[in-house]
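Undergrad: Predicted coordinates and the sequence they were generated for:
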Amino acid sequence: MISPDRIKERVSQGLPGQWYVVAKSVQVRGEKPMAVQALGKKLVLWRNGEGSVCCLEDYCPHRGAPLSRGEILEGHIACRYHGIKLDGTGKIIRVPAMPACPLEGRRAGIAYTVQEANDGVFVYFPSIEKPEPPPLELPGEFGSPQWSSFLCSALWSCNYQYAADNTADPMHGCYLHADSFTLAYGAKQDLLKLEKAEGGFIVTRVGQVGENFDWVHVVTDTSAPYIRLDIPYPPAGGPGGPFRILGFMTPVDERRTRVFFWRNRKVSGIAGEAWRFLFRAFYEKQHWDVLEQDRAMLENIPFDARHRELLYQHDVGVVRLRRTLQERAKRQLEFEEASQQQKVG
Ligand code: FES
Ligand SMILES: [Fe+2]
């Protein structure tokens, strides 16, 4: 029997057995390795000789120095402390300080599976239940020639559940973002309805269509969960219809989250170029301002607020999301307990 506290603790730490975005592709380049943190683990990223991103635990198997302080040599990573060189699989290629060192050839570093998609670097975090990476499932907009997107990322000092709850809650739009472009539109009173949708559920405002942040599609039943929402733009907002956000939340540790928001419009060709120009010149700042409002609010909600809440009808999405995460955590913990018992038996 798994206690509710253990389930909540697992959810709070972030669920393994999924792919998470850990960086923007452009951040992993050149001669310098990049340190990232996700699900409480310190990792190092770099590009090998073929240009593919490699990911190891940021820990040198010799004596624990962070590999991210090292250098990239011929596509491998060399520890700064005593020069041990590892490849992307975690194998020790060379111990330069000692000829024919028996450590050479040992696969001593912990390697993670990486995949790049749509300018993002995704890493698979294995669980005991799912040690091997399932295929990385991505939103249909990714890689589609009809869509043009920009990826923005920010570090928020709050548990990822608050960032996720925030996206599953369309009603905050017309209050928290009341003074923002288009998000000010729409009624301040409404009811919400929740319906099953592909890979998860949709929360929709009942009394408002096409005006503001009217619905959110929360995709949980996938190997890389995300949310999708549209912010309608007036004709003056340029080509491409609504501004679509695809949001991924990566727990850095229990108190920090790295959010990755792809900002998309359905435009290609000349219209796509026009949109990209408009976005850089005008909308990027607007979008950051809105995200800042979310960040400032969420960072100031106490860590334990979820134990002292009074929810009402508008929190249907939040409640459903929490239940989904808890069910997943429970299943993982049951699996882990059963495999532990098997080992003991
Ligand atoms: S700790 Fe890395 S080479 Fe010694
Ligand atoms: Fe918001």
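TA: Noted; the coordinates are in hand. Numbers count the residues shown, from 1 in each chain. Ligands and ions are numbered 1, 2, ... in the order given.
Undergrad: Spell out which parts of the protein neighbour ligand 1.
TA: C60, H62, R63, A65, C79, Y81, H82, G83, I84 (CB under 6 Å from any ligand atom). Any C-beta I mention is one placed from the backbone N, CA and C, and that applies to glycine too.
Undergrad: how about those, which pair is most distant?
TA: Pairwise distances across those (CB to CB) peak at 12.2 Å, for the pair R63 and G83.
Undergrad: Compare those two (neighbour count), which wins?
TA: Neighbours were counted for R63 and for G83 using other CB atoms under 10 Å; G83 has more, 17 against 10.
Undergrad: which residue sits closest to that one, ignoring its sequence neighbours?
TA: In space, and not counting its chain neighbours, G83 is closest to P96: 4.4 Å by CB to CB, 6 or more residues apart in numbering.
Undergrad: check contacts around the one you found.
TA: G83, I84, K85 (CB atoms under 8 Å, 6 or more residues apart in numbering).
Undergrad: Restricted to strands, list those.
TA: Taking DSSP state E, the ones among the contacts of P96 that sit in strands are K85.
Undergrad: Taking the stretch 101-250 of the chain, what residue is nearest to ligand 1?
TA: Closest approach between the stretch 101-250 of the chain and ligand 1, counting by CB to the nearest ligand atom: L103, at 9.6 Å.
Undergrad: That residue looks like it's in a strand, true?
TA: No - counting by DSSP: H, G, I helix; E, B strand; the rest coil, L103 is not found in a strand; it is coil.
Undergrad: Next one, pLDDT for it please.
TA: Note for L103: predicted pLDDT of 97.
Undergrad: Within the helices and strands, which one has R322?
TA: According to DSSP states H and E, R322 maps onto helix 316-344.
Undergrad: Now do that helix: which elements does it pack against?
TA: Applying 3 or more CB pairs under 8 Å, 6 or more residues apart in numbering; DSSP states H and E, we find helix 316-344 packed against helix 4-13, helix 160-167, strand 192-197, strand 200-205, strand 215-219.
Undergrad: tell me the angle of the last one relative to helix 160-167?
TA: Compare the direction of strand 215-219 with that of helix 160-167 by axes from the mean of the first three to the mean of the last three CA atoms, to 10 degrees and you get 140 degrees.
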